[in-house]
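Asker: Take this sequence and fold it.
(chains A and B)
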Amino acid sequence: MKDKEYKELLARHGAAEVAAHFVFPAEKTKSKPADDAALSEALRARRVAIAPDDRLRMDLLQLRYQIEDYINDSRYDSTLSFQHFLEAYILDLGIKRHELARDLSIRPSALSQYLNAHRLPPIEVLVRLELHSGQIISAAHWYQLIEKEKIHQLSADRKIRREQMPYIKKSKYRVKMAHG
Amino acid sequence: MQVIDVKTGKALTAVISPLRADRRGLIRRRYHFDWSAAREPTVYKLTLKGSEEILGLVSVALVPQEERIAIRLLAVAAEQVGQDKTIGHIAGALLAYVARLAVRQYGANAAISLVPKTALRKHYMDRYGFEPAGSSLFIAGVDLYHLIEKYEDHEG
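Answerer: Okay, here's the model as predicted:
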């Protein structure tokens, strides 16, 4: 946008309205090293002053957004499992596994089974996780991670399709089974 | 994110997603800037859920060494500026989306920034809660969450 167009917008709508709808490219003269240093210093000072509770809240929000983006992504990624995010949750809290088990009133061995994908947590535990996170990460978030994994397994399971094929006595469609 | 139907005051669900590079040359007239200069995947478009019509665009650059996202350009569609607009909060929803990207990327240390035109500086601060630092403005930490919360779609 040329400066002339910017001035026309300003004259037509006023500064408040223009600021409410636009961010313009930085003017070249404005990018001075001293200005960059002022921003770096302001951010540094702000970060040092973050209260521990606020830091934890923001780190849990980061985890929630990562979970939401993965849930909403149509692609499946075996590394982004329920177990992966539960491990990340424990890391964000800065506690040991047995401490989380104690906080949730579950046995440490049960938590280990959830983390090692040997067992899936019941919905009661998902709700306890929600309450434990101050409702930042909901039971629905955790449930959707498990559900995404299950849907992928169901879609990719050829063996069960071969096993079930003999039970189909008549089909309206001629479907060829994939081998593999 | 959500925007507002100006006539009814009703919240509408907005979808924000990356703008395909091959669409960037077509839209200067309605969206004010040359968006083809921005490189993928740093341009995001806002549409209403179920609609293809682009209501606003934002171009950003990651500054990983400072754990911040710099807002390079932002524009609302020409017909959505001024008294005749039908949809409100488009720019706010785009800024909140960038705030969410920053928190997703950098957690508690996240920040967003822009370099304002002098005449607009105070208005960004008043309207969106930016703070001054040299010639830049920024929002950091929990204030990012307040911005996100204001424009988040609570209907899901």
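
Asker: Need the CA coordinates for the lengthiest helix in chain A. PDB is fine.
Answerer: The longest helix of chain A (DSSP state H) is helix A:52-72. Presented in PDB, the C-alpha positions along helix A:52-72 are these (Å, rounded to 0.1, in the frame of the first residue of the first chain):
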ATOM      1  CA  PRO A  52       5.000 -19.100  38.700                       C
ATOM      2  CA  ASP A  53       1.200 -19.700  38.600                       C
ATOM      3  CA  ASP A  54       0.900 -17.700  35.400                       C
ATOM      4  CA  ARG A  55       3.900 -19.500  33.800                       C
ATOM      5  CA  LEU A  56       2.300 -22.800  34.600                       C
ATOM      6  CA  ARG A  57      -1.100 -21.700  33.200                       C
ATOM      7  CA  MET A  58       0.500 -20.500  30.000                       C
ATOM      8  CA  ASP A  59       2.500 -23.700  29.600                       C
ATOM      9  CA  LEU A  60      -0.700 -25.700  30.100                       C
ATOM     10  CA  LEU A  61      -2.400 -23.500  27.500                       C
ATOM     11  CA  GLN A  62       0.400 -24.300  25.100                       C
ATOM     12  CA  LEU A  63      -0.200 -28.000  25.600                       C
ATOM     13  CA  ARG A  64      -3.900 -27.500  25.100                       C
ATOM     14  CA  TYR A  65      -3.400 -25.700  21.800                       C
ATOM     15  CA  GLN A  66      -1.100 -28.400  20.700                       C
ATOM     16  CA  ILE A  67      -3.700 -31.100  21.500                       C
ATOM     17  CA  GLU A  68      -6.500 -29.100  19.800                       C
ATOM     18  CA  ASP A  69      -4.400 -28.600  16.600                       C
ATOM     19  CA  TYR A  70      -3.600 -32.300  16.500                       C
ATOM     20  CA  ILE A  71      -7.200 -33.300  17.100                       C
ATOM     21  CA  ASN A  72      -8.400 -31.000  14.300                       C
END
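
Asker: and that helix, what does it pack onto?
Answerer: For helix A:52-72, the packing partners by 3 or more CB pairs under 8 Å, 6 or more residues apart in numbering or on different chains; DSSP states H and E come out as helix A:82-93, helix A:139-156, helix B:90-106, helix B:142-151. Where you see a C-beta, it was placed from the backbone N, CA and C, and this is true even at glycine.

Asker: Just send those back as CSV, with mean pLDDT too.
Answerer: As requested, the helices and strands packed on helix A:52-72 are exported to CSV (pLDDT from 0 to 100):
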stretch, mean pLDDT
helix A:82-93, 97
helix A:139-156, 97
helix B:90-106, 97
helix B:142-151, 94
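
Asker: what's the most buried one of the ones you listed?
Answerer: helix B:90-106 (a mean of 24; mean count of other CB atoms under 10 Å in any protein chain shown).

Asker: moving C-terminal of it, what's the next helix or strand?
Answerer: strand B:111-114 (DSSP states H and E).

Asker: now the end-to-end length of stretch A:129-146.
Answerer: 14 Å (CA to CA, to the nearest Å).

Asker: which other residues reach that stretch?
Answerer: Outside of stretch A:129-146, the residues within contact range by CB atoms under 8 Å, 6 or more residues apart in numbering or on different chains are A:57, A:60-61, A:63-64, A:67-68, A:70-71, A:81-82, A:85-86, A:89, A:100, A:103-104, A:120-121, A:123, A:126-127.
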